[in-house]
Every structure is written in structure tokens, then in C-alpha cells.
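Student: Okay, predicted coordinates and the sequence, questions at the end:
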Amino acid sequence: MKRKKICIVTTISLTMHQFIIWSLEDFHKNGFDVTLLCDMDDEFIKSVPEYVNCIPVRMSRGVNIWSSILAIFSIYKAIKKEKFDIIQYSTPNASLYTSLASWFARVPIRLYCQWGIIYVGMTGMKRRIFKIIEKLVCSLSTDIQPDSHGNLIFCRNEGIYNIEKSRVVWNGSASGVNLKKFDINKKQEYNIDIRKKYNISETTVIIGFFGRVGAEKGFNELILAFQNINQKYPNTKLLFVGPNEKPKTVDPRLLSWFEESEDVLKVGWTDEGEKYLAAMDVFVFPSYREGFGNVVIEAGAMGVPVIASDIPGPQNGIVDGVTGYLVPVKSVDHLVKKIELLYKNRILREKIGFNARKLVEENFDHTKLLEKMIENRKWLINRQGSA
């Protein structure tokens with residue numbers, strides 16, 4: 001069988017590291033010549049395997065018309081020259097630029113991996129504009145693969161795309177969970193190490209969060225809920241793992257308290273998420289919108305009960321009342337009630353954590369997901385050849 005050429009596009013190289021790099025070896029072994037295209041530097045190019053081709057294209061995040069035009073033109077030139085069989089794109093800016101460029105270049109398979117819907121949570125004119133952009137990207141794509149069944153149903157109901165061109169691979173998520181990395185057998189070891197590192201006693205109940213400082217991640221609700229819990233139960237800590245990326249979008253008073261409180265442990269970015277999750281007693285994820293919310297199943301993989309917003313994405317990674325709890329978005333009261341429930345009942349925490357690990361093992365093992373992804377890409381190519 002002749003090797004097929006696939007180009008994978010994201011806006012920045014960090015996304016490649018998080019969601020793409022892990023899959024490249026298997027794609028290569030299964031007959032694909034892989035090209036990565038994003039805003040990358042020499043260090044990133046040196047870090048990828050030799051059999052992977054890299055095309056650096058400047059793509060700034062946010063809205064900038066002139067840089068957007070330049071990016072579209074650069075992507076068009078690159079893919080026109082390479083003649084790819086399939087081009088796959090994710091993240092907002094990269095998806096807009098690449099869907100346009102690949103449509104003009106007439107790439108036969110234009111696959112939009114929809115890892116979130118940017119206009120969800122917006123209102124008024126801004127929502128209408130970004131909904132139009134989302135529909136444009138989908139209309140230019142031959143296939144759309146959201147990473148959760150919740151977002152698949154939402155977009156079909158919204159008229160963003162139809163049934164024929166949209167599907168979820170296996171049980172969803174962008175990359176599943178590496179169960180060797182998120183090793184439940186090392187939970188106790190990691191728990192002891194993290195508590196020792198931050199001088200946290202064994203009796204302290206750790207409430208955890210992974211994500212950036214930003215309004216749409218539910219930062220305001222998270223801090224208000226923790227303030228309530230911490231005041232009532234002083235033997236609690238908030239372990240906040242993630243960058244202070246969008247501080248201007250959150251309540252400045254809550255941000256100030258967050259930065260000054262000794263009961264908030266601010267870790268920043270880490271590639272050892274499994275260790276920090278292992279130290280948590282409860283994982284809270286009050287996000288406003290998600291594609292899937294991979295941290296939900298990563299927490300589950302480490303046997304941690306999750307409290308998350310009842311929104312598309314997390315809905316597909318939690319069995320409510322069994323592996324965690326789903327609460328109304330932006331509801332501080334519901335967050336507090338569920339945190340307090342789990343705080344008071346260690347046996348319940350352990351039971352839910354056990355159930356969560358089992359759910360992840362059976363439904364989100366990344367090796368099984370990768371098999372399904374490769375099968376899907378081959379099916380897309382074979383379908384094109386028989387059309």
C-alpha cells in the first residue's frame with residue numbers, strides 16, 4: 001500500500017506536545033508520512049522524531065487581520081506544494097486559516113477536529129460573529145470530529161453541521177489517558193511526595209484544579225466556593241495547577257485573594273500532572289465550555305472524584321453520582337454542597353475514585369483510542385478513493 005501524506009495543524013507547538021506528539025510513531029508505522037504545521041521554533045523541530053516533517057508558520061493567537069491573511073497564504077503555499085491526502089486541523093485560529101487554505105488548495109480530505117466550540121458562553125453580537133466563523137470552518141471541511149458526543153449533539157442541533165459529515169471517534173477526547181503515566185499504583189507514593197514538597201499534612205483535605213486563571217474556566221466560582229469551604233473547614237487547601245494566563249478576565253478582588261492566600265498552592269505549568277492529581281482528595285472543574293475536558297478523565301485515572309460543570313464534554317467523562325458529580329455551570333452553591341459532601345465522607349471519596357478509575361480504563365485508554373483514530377483516517381482515505 002502506498003504511504004499516505006497527512007498534515008496535522010494547530011496554532012501553537014504546545015498543543016502539539018499535549019495532544020499530537022504521542023500518536024506520531026503509530027501513524028508512521030501504519031503507513032502515514034506525517035507533517036506538523038504550526039507556529040514553532042527550532043527547539044520544537046529538534047524535539048520531534050526524524051521521520052516527521054515540520055513546517056513553521058507564524059500564527060498569532062487572538063484577532064489580527066493582517067497576520068491572519070499572511071498565515072492563510074503561508075499555509076496555502078505549503079499544502080499546495082506537498083499535495084497531502086488528508087489535512088487535519090484543531091484550535092480556533094489554525095482551524096479557520098487551514099480550512100480556508102486547504103479548501104482553496106483542494107485537499108481531498110479536510111478534517112476538522114473540533115476540540116471545543118469558541119462561541120459557547122459568549123453573548124450578543126460577539127456570539128453571532130463567532131458562530132458564523134464556526135459554521136464557515138465546518139462548511140469548508142469535508143469531515144468534522146468533535147471530541148465529545150455532547151458537542152456533537154449540540155452542534156447538530158445548532159445547525160453547525162449535519163449528521164453525514166460529523167462523528168466522534170470511539171468514546172471521544174482528544175488524546176485519551178496514558179494509563180502507564182497516570183499509574184494508579186503510584187498514587188500513594190505521589191501523594192506523599194507532593195504533600196511533603198508543599199508541607200501539607202496527611203489530614204489536610206486538598207481540593208484541586210487544573211487549568212488557567214480565566215473567567216471561562218470558572219475561576220471566580222472556584223475561588224468563591226473554596227473561600228466558603230476554607231472558612232468553614234480550615235484544614236483545607238486549594239492546589240491550583242496552571243498558568244496565570246487571563247487575569248484581566250476575572251474578578252480583581254478574587255484574584256488578589258488567590259494570589260495572597262497561604263491556603264492556595266499555586267503550581268503553574270507542569271508536565272507531571274499525574275503526581276499533583278494523586279495528592280488531591282477532590283478535583284473541581286467549573287469550566288463554562290470545553291471540547292471534552294481531558295483533565296476530568298485524567299483525575300479519574302488517578303482515582304480522584306470530580307465535580308465538574310454540567311456541560312458538553314465533561315458530561316461524557318463523568319457518570320453523575322457514580323464517578324463524580326455534575327453541577328450547574330456558574331453555580332457556587334452547588335459547588336460548595338458537593339465539595340462539602342465529599343469533604344465529610346472519606347469512604348465516599350474512595351468509592352467514587354475507584355469507580356472513576358474503572359470508567360477510564362474501560363473507555364478512555366489512549367492506546368485503544370489511537371487504534372480507532374488510525375482506523376478512522378484509513379477509512380476516510382478509502383472512502384475518498386471509492387467515491
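Tutor: Structure's in. What do you need? Numbers count the residues shown, from 1 in each chain.

Student: which stretches of the stretch 101-250 of the chain form helices?
Tutor: Along the stretch 101-250 of the chain, counting by DSSP state H, counting those that start in this stretch, helices occupy 124-140, 149-158, 187-197, 219-232.

Student: which element is Leu277 on?
Tutor: Under the criterion DSSP states H and E, the helix or strand holding Leu277 is helix 273-279.

Student: on contacts alone, who are the packing partners of that helix?
Tutor: Applying 3 or more Cβ pairs under 8 Å, 6 or more residues apart in numbering; DSSP states H and E, one finds that helix 273-279 contacts helix 187-197, strand 205-210, strand 236-241, helix 294-301. (Glycine included, C-beta is placed from N, CA and C.)

Student: most neighbours per residue, which of these?
Tutor: helix 294-301 (a mean of 28; mean count of other Cβ atoms under 10 Å).

Student: and that helix, how far from the chain's centre?
Tutor: Its chain's C-alpha centre and that of helix 294-301 lie 10 Å apart, by Cα atoms, centre = their mean, to the nearest Å.

Student: now for it, which elements pack on it?
Tutor: Using 3+ Cβ pairs under 8 Å, 6+ apart, helix 294-301 is in contact with strand 205-210, helix 273-279, strand 282-285, strand 306-309, helix 346-363.

Student: out of the ones you listed, nearest to Gly172?
Tutor: Of all the helices and strands packed on helix 294-301, it is helix 346-363 that lies closest to Gly172, at 8.9 Å by Cβ to Cβ.

Student: Please state the mean pLDDT value computed over that closest one.
Tutor: Averaging pLDDT along helix 346-363 gives 98.

Student: And whatever helix or strand comes next after it, what's buried?
Tutor: Later in the chain than helix 346-363, the nearest helix or strand by DSSP H and E is helix 366-386. Residues of helix 366-386 classed as buried: 366, 369-370, 373-374, 376-377, 380-381 (neighbour count, 16 or more other Cβ atoms under 10 Å).

Student: Stretch 263-270 too?
Tutor: For stretch 263-270, by 16+ other Cβ under 10 Å, it's 264-265, 267.

Student: Now flag whichever of those residues is closest to Val52.
Tutor: Nearest to Val52 among the buried residues of stretch 263-270, with distances taken as Cβ to Cβ, is Val267, at 30.8 Å.

Student: distance of the residue lying closest to that closest one once chain neighbours are set aside from Gly324?
Tutor: Spatially, and ignoring its direct neighbours in sequence, Val267 is nearest to Val241 (4.4 Å; Cβ to Cβ, 6 or more residues apart in numbering). Between Val241 and Gly324 the computed distance is 18 Å (Cβ to Cβ, to the nearest Å).

Student: and what of Ala71?
Tutor: From Ala71 to Gly324 the distance is 39 Å (Cβ to Cβ).

Student: ok so, going back, can you tell me which of the helices and strands packed on helix 273-279 comes nearest to Ile118?
Tutor: helix 294-301 (17.5 Å).

Student: which residues in the stretch 1-150 of the chain form strands?
Tutor: 4-12, 32-39, 53-56, 86-89, 109-114, 143-146 (DSSP state E, counting those that start in this stretch).

Student: now the fifth one and helix 149-158, what's the angle there?
Tutor: So that's strand 109-114. 110 degrees (axes from the mean of the first three to the mean of the last three Cα atoms, to 10 degrees).

Student: and what of the first one?
Tutor: Per the same axes, to 10 degrees, the angle that strand 4-12 makes with helix 149-158 is 90 degrees.

Student: Can you check the pLDDT for the residue nearest to Val267?
Tutor: 97.
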